[in-house]
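**Student:** Can you look at this prediction? I've put the sequence above it.
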Amino acid sequence: MLLVLRRVVVTACLLCVVTVLAGGTDGRVVVPLQLDPSLAAPTDARALRTTDDAVRGIAAIMAKSFGLPVPDSVTVLVYGGRRAFEQGLMRDARVSPVQAAQLSDFAIGVGARGQVLLNDQPTDRTQREWLRLIAHELTHVSQIELTGGEGRGEQWLAEGMAEWVAFSTLEHLGLDTLEHRRQAAMAGTRSHVTLLQGKLDLEARGTPRGFTAWHLQEGSIPVYQLAFLMTDYLVERRGFEAIRTYFASFRRASDRRKNFDAAFGESLTDFEANVLVRLKTASAL
């Protein structure tokens with residue numbers, strides 16, 4: 001989930017987490033890390049048992065496998081439950097009390113400039129989903145490095161890209177496959193037919209506010225699955241490099257429509273029509 005600071009807009013990823021860190025006296029663990037993406041990218045998840053190892057290892061995978069920029073340092077904050085997470089959002093990410101209360105109701109991770117905030121809530125936990133969550137949020141940190149700021153670019157694409165990179169990272173580590181996630185996502189769209197009825201309205205849902213309203217209406221899991229499928233379709237047709245190019249273009253200009261057209265060779269309107277046909281055809285099989 002990408003946190004757009006000083007706005008009343010958030011997004012969420014409803015997945016499980018696991019950590020072996022012990023909580024601090026204030027319900028949080030602060031892990032300041034120096035990142036060195038030149039290190040060899042790990043291929044064995046057993047080497048990523050601690051948060052330190054996981055963040056450094058995943059950062060190396062992102063840099064070497066996907067050409068994504070990562071900052072020289074990042075601070076990872078792990079909170080022991082909802083209340084500590086809510087307090088941390090206000091204290092560490094400078095979120096308003098109202099926004100922090102709303103966010104802590106459904107989110108378990110946010111990514112901001114140089115920060116990854118994680119809610120270690122007591123739910124079903126696996127190492128795979130812990131690593132997936134870290135990769136997702138680190139992708140948001142990388143997006144900020146690419147764009148030169150927060151909240152730039154299509155929000156559905158920012159979330160879809162974060163999911164695509166996270167699933168690809170799990171595949172790199174031998175814990176999952178992109179194809180398995182595609183099939184699961186397609187099954188999700190079949191179960192939520194309203195997602196594919198009429199227009200996707202990506203113009204409106206490309207903003208943080210619009211995307212948040214969308215996933216609150218339809219449910220976080222199916223909307224994130226759809227964002228992943230749309231991103232996967234772009235990667236299939238244009239390559240992952242076009243995704244990087246798109247986000248990097250916001251350093252030069254802030255026009256969402258022109259940047260999308262230049263990076264992907266089609267307008268957002270045309271892409272919406274094409275991907276809707278693709279998704280409806282696939283969901284009917």
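**Tutor:** Received, thanks. Residues are numbered from 1 along each chain as shown.
**Student:** Average pLDDT for stretch 261-280, rounded please.
**Tutor:** Computed over stretch 261-280, the mean pLDDT rounds to 94.
**Student:** For the protein, just list every one of the strands.
**Tutor:** Using DSSP state E, the strands assigned to the chain run over residues 28-34, 73-79, 109-112, 115-119.
**Student:** Just want the most central residue of this protein.
**Tutor:** Central residue check for the chain by Cα atoms, centre = their mean: the C-alpha nearest the mean position is that of residue 162, 3.3 Å away.
**Student:** I'd like the distance between that residue and residue 259.
**Tutor:** Relative to residue 259, residue 162 is positioned 18 Å away (Cβ to Cβ, to the nearest Å). In this view, the C-beta of every residue, glycine as well, is placed from N, C-alpha and C.
**Student:** Just the C-alphas of stretch 79-93, formatted as CSV.
**Tutor:** Listed next in CSV are the C-alpha coordinates belonging to stretch 79-93 (Å, rounded to 0.1, in the frame of the first residue of the first chain):
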residue,chain,number,x,y,z
TYR,A,79,4.2,-2.4,15.2
GLY,A,80,2.8,-5.0,17.6
GLY,A,81,-0.9,-4.8,16.7
ARG,A,82,-3.5,-2.3,15.5
ARG,A,83,-3.2,0.2,18.3
ALA,A,84,0.5,0.5,18.0
PHE,A,85,0.2,0.7,14.3
GLU,A,86,-2.3,3.6,14.6
GLN,A,87,0.0,5.5,16.9
GLY,A,88,2.9,4.8,14.6
LEU,A,89,1.1,6.2,11.6
MET,A,90,0.6,9.5,13.5
ARG,A,91,4.0,9.7,15.1
ASP,A,92,6.3,8.2,12.4
ALA,A,93,4.4,9.0,9.1
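**Student:** Report the buried residues of it.
**Tutor:** Residues of stretch 79-93 classed as buried under the neighbour-count rule (16 or more other Cβ atoms under 10 Å) are 79, 80, 82, 84, 85, 86, 87, 88, 89, 92, 93.
**Student:** In helices, which of those residues fall?
**Tutor:** Those of the buried residues of stretch 79-93 mapping onto helices are 82, 84, 85, 86, 87, 88, 89, 92, per DSSP state H.
**Student:** chain center to the longest helix along the chain, what's the gap?
**Tutor:** Among all segments of the chain classified by DSSP H, the helix with the greatest residue count is helix 127-147. Offset of helix 127-147 from its chain centre (Cα atoms, centre = their mean, to the nearest Å): 6 Å.
**Student:** what's the angle from that helix to strand 73-79?
**Tutor:** With axes from the mean of the first three to the mean of the last three Cα atoms, to 10 degrees applied, the angle from helix 127-147 to strand 73-79 works out at 140 degrees.
**Student:** Now do helix 127-147: which elements does it pack against?
**Tutor:** Under the contact criterion of 3 or more Cβ pairs under 8 Å, 6 or more residues apart in numbering; DSSP states H and E, helix 127-147 touches helix 51-66, strand 109-112, strand 115-119, helix 155-172, helix 240-248.
**Student:** just to revisit the earlier point, now the buried residues of stretch 79-93 in JSON lines, with pLDDT and distance to residue 115?
**Tutor:** Output for these, formatted as JSON lines (pLDDT from 0 to 100; distance: Cβ to Cβ, whole Å):
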{"residue": "79", "pLDDT": "87", "distance to residue 115": "12"}
{"residue": "80", "pLDDT": "84", "distance to residue 115": "18"}
{"residue": "82", "pLDDT": "85", "distance to residue 115": "19"}
{"residue": "84", "pLDDT": "89", "distance to residue 115": "16"}
{"residue": "85", "pLDDT": "88", "distance to residue 115": "13"}
{"residue": "86", "pLDDT": "86", "distance to residue 115": "16"}
{"residue": "87", "pLDDT": "88", "distance to residue 115": "15"}
{"residue": "88", "pLDDT": "85", "distance to residue 115": "10"}
{"residue": "89", "pLDDT": "86", "distance to residue 115": "11"}
{"residue": "92", "pLDDT": "84", "distance to residue 115": "7"}
{"residue": "93", "pLDDT": "81", "distance to residue 115": "7"}
